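Novice: Sharing a model prediction with you, sequence too.
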Amino acid sequence: MAVRAAVAGASGYAGGEVLRLLLAHPEVEIGALTGNSNAGQRLGALQPHLLPLAGRVLAETTPEALAGHDVVFLALPHGQSAAVAEQLGPDVLVIDMGADFRLQDPADWEAFYGSPHAGTWPYGLPELPGARAALEGSKRIAVPGCYPTAVSLALYPAYAAHLAEPEAVIVAASGTSGAGKAPKPHLLGSEVMGSMSPYGVGGGHRHTPEMIQNLSGAAGERVAVSFTPTLAPMPRGILATCSAKAVAGVTADAVRAAYEKAYADEPFVHLLPEGHWPATASVQGSNAVQVQVAYDAAVGRVIAISAIDNLTKGTAGGAVQSMNIALGLPETTGLSTIGVAP
Ligand SMILES: NC(=O)C1=CN([C@@H]2O[C@H](COP(=O)(O)OP(=O)(O)OC[C@H]3O[C@@H](n4cnc5c(N)ncnc54)[C@H](OP(=O)(O)O)[C@@H]3O)[C@@H](O)[C@H]2O)C=CC1
Ligand SMILES: CC(=O)N[C@@H](CCC(=O)OP(=O)(O)O)C(=O)O
């Protein structure tokens, strides 16, 4: 019997991407689609690339609209998921693509999001040590942020193998879809096209505590993170360039071996051959992650670089991958590793 899935926030970028993936998922039947300001609109007017769903009309995001499904994806702004989730029964698999349930420390949540902490759910980054076991059979999943996905997959093997000092410096460029579909002046074409600019500099970005949580979990000690995000003139994609001082005695061969071991059996993470570098276009629309690692002997640092599609592996693909694990389906069901050019 098909898994019946509802999507709340179907008019947004994350909701649209999860629908694109679910349309290709052989075990899923798409049920209710809900919106907020766009409730009552036809999906064809909002997500014209989702042709098979063009005639569907968005309902209001209410418990009644979302009832009667096996899985509910929440693609809502931060702070909106908890109230909806608590009205869904304990037997429904609820997958939150927002931030509400990602962080373990309530103090981190309050410092970066400025509201009371709603709780912590199993974390939907299956590649992290121990994550798959927590997802199996779970009825609640917190999908990671897009930058923490890219950064954690670039750096965690170095920390899990105890090759790096507990302080990482990260600069990551994101496409504009990472900021959502709601109009904002800094996302105007005239602001973004032909220009790149950082934001959230100096520890202010709300993904910093999530990265610290993931890397510290791998290292077994607190890893400090300096994170600088950058808005790039492209619609989708993240390129994360991460570095950390190597511990004494580390060699280039030891670094390479740690990454080969970590990713030997991962279906979505591709450790590139030496001398090749991640590119956002290569993973566009795909759940794949490209990773490369190098040892810069001149400064004794491990340099790890990853590329993901922020909407696919960075959100909706990670959500579907985690859903597959929670439901006991093969993890790769309905997910592609085929990107576009170059
Ligand atoms: N974009 C990305 O790359 C990533 C996004 N995410 C997360 O996914 C979630 C959605 O982001 P994204 O799709 O980019 O954002 P969008 O702005 O594109 O979409 C937001 C969606 O939420 C609905 N919505 C807005 N306000 C409310 C409200 N008060 N109550 C209920 N629904 C509301 C909107 O409905 P309507 O249009 O009808 O008003 C729309 O469907 C966020 O939590 C974000 O952090 C996670 C990782 C990456
Ligand atoms: C380019 C851009 O603005 N990106 C967003 C991150 C989007 C994302 O994935 O994160 P959440 O799921 O936590 O919203 C930002 O920096 O806030």
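Specialist: Yes, it's here. Ligands and ions are numbered 1, 2, ... in the order given.
Novice: Please report the number of neighbouring residues for the nearest residue to Pro116 once chain neighbours are set aside.
Specialist: Spatial nearest neighbour of Pro116, excluding adjacent residues (CB to CB, 6 or more residues apart in numbering): Glu110 at 7.0 Å. (Each C-beta comes from the backbone N, C-alpha and C, glycine too.) Glu110 has 13 neighbouring residues, counting by other CB atoms under 10 Å.
Novice: just the strands in the stretch 51-200 of the chain please.
Specialist: 59-60, 71-74, 93-96, 140-142, 164-174, 197-198 (DSSP state E, counting those that start in this stretch).
Novice: Mean pLDDT lowest where, among those strands?
Specialist: Mean pLDDT is lowest for strand 197-198 among those, at a mean of 95.
Novice: Check what contacts the helix or strand following it and list those residues.
Specialist: On the C-terminal side of strand 197-198, the closest following helix or strand by DSSP states H and E is helix 208-219. By CB atoms under 8 Å, 6 or more residues apart in numbering, the residues outside helix 208-219 that reach it are 99, 102-105, 108, 111-112, 123, 125, 128-130, 144-145, 147-148, 151-152, 155-157, 159-160, 162, 164, 166, 168, 170, 222-225, 227.
Novice: List the residues that contact the residue lying farthest from the centre of the chain.
Specialist: With distances taken as CA atoms, centre = their mean, the residue sitting farthest from the centre of the chain turns out to be Gly249, at 33.7 Å. Neighbouring residues of Gly249 by CB under 8 Å, 6+ apart: there are none.
Novice: Could I get the phi/psi values of it?
Specialist: With angles defined as degrees, to the nearest 10, Gly249 sits at phi 90, psi 0.
Novice: just Glu331 next, same as before
Specialist: Dihedral angles (degrees, to the nearest 10) for Glu331: phi -60, psi -30.
Novice: Torsion angles phi and psi at the residue lying closest to it once chain neighbours are set aside?
Specialist: Of all residues not flanking Glu331 in the chain, Asn324 sits nearest, at 5.0 Å (CB to CB, 6+ apart). Main-chain torsions, Asn324, degrees, to the nearest 10: phi -60, psi -40.
Novice: Could you tell me which residues make contact with Asp296?
Specialist: Residues in contact with Asp296 (CB under 8 Å, 6+ apart) are 243, 302-303.
Novice: What residues of the helix or strand containing Met323 count as buried?
Specialist: Secondary structure from DSSP H and E places Met323 in helix 317-327. Buried residues in helix 317-327, counted by 16 or more other CB atoms under 10 Å: 317-327.
Novice: Can you tell me which of those comes closest to Ser190?
Specialist: Nearest to Ser190 among these: Gly317, at 31.1 Å, using CB to CB.
Novice: can you tell me which residues contact that closest one?
Specialist: 17, 21, 268, 286-287, 309, 311, 335.
Novice: Which pLDDT value belongs to Ala341?
Specialist: The per-residue pLDDT reported for Ala341 equals 76.
Novice: meant to ask about Leu311, not that
Specialist: Looking at Leu311, the pLDDT reads 98.
Novice: so what's it up against?
Specialist: Residues in contact with Leu311 (CB under 8 Å, 6+ apart) are 13-14, 17, 146, 177, 236, 317.
Novice: what subset of these is also close to ligand 2?
Specialist: Restricting those to those near ligand 2 by CB under 6 Å from any ligand atom leaves Cys146.
Novice: Nearest residue to Glu29 in space, please, no chain neighbours.
Specialist: If the residues on either side of it in the chain are set aside, Glu29 comes closest to Ala2, at 4.0 Å by CB to CB, 6+ apart.
Novice: Next, count neighbours for the one you found.
Specialist: Residues lying near Ala2 (other CB under 10 Å) number 12.
Novice: contacting residues around it?
Specialist: Ala2 makes contact with 27-29, according to CB under 8 Å, 6+ apart.
Novice: Give me every residue in the stretch 1-150 of the chain lying close to ligand 2.
Specialist: The stretch 1-150 of the chain has residues 99, 145-146 near ligand 2, with proximity defined as CB under 6 Å from any ligand atom.
Novice: Pretty sure Gly334 is one of the things Leu21 touches, is it not?
Specialist: Yes. Counting by CB atoms under 8 Å, Gly334 is a contact partner of Leu21 at 6.1 Å.
Novice: what's the overlap in contacts for the two?
Specialist: Common contacts of Leu21 and Gly334 (CB under 8 Å, 6+ apart): Val320.
Novice: Show me the chain divided up by domain.
Specialist: Here the domain parsing of the chain from automatic domain parsing is 3-143+313-327, 147-310.
Novice: which stretches of the protein aren't confidently modelled?
Specialist: Scanning the chain for pLDDT under 70 picks out 342.
Novice: For Val299, grab the count of nearby residues.
Specialist: Residues near Val299, counting by other CB under 10 Å, number 10.
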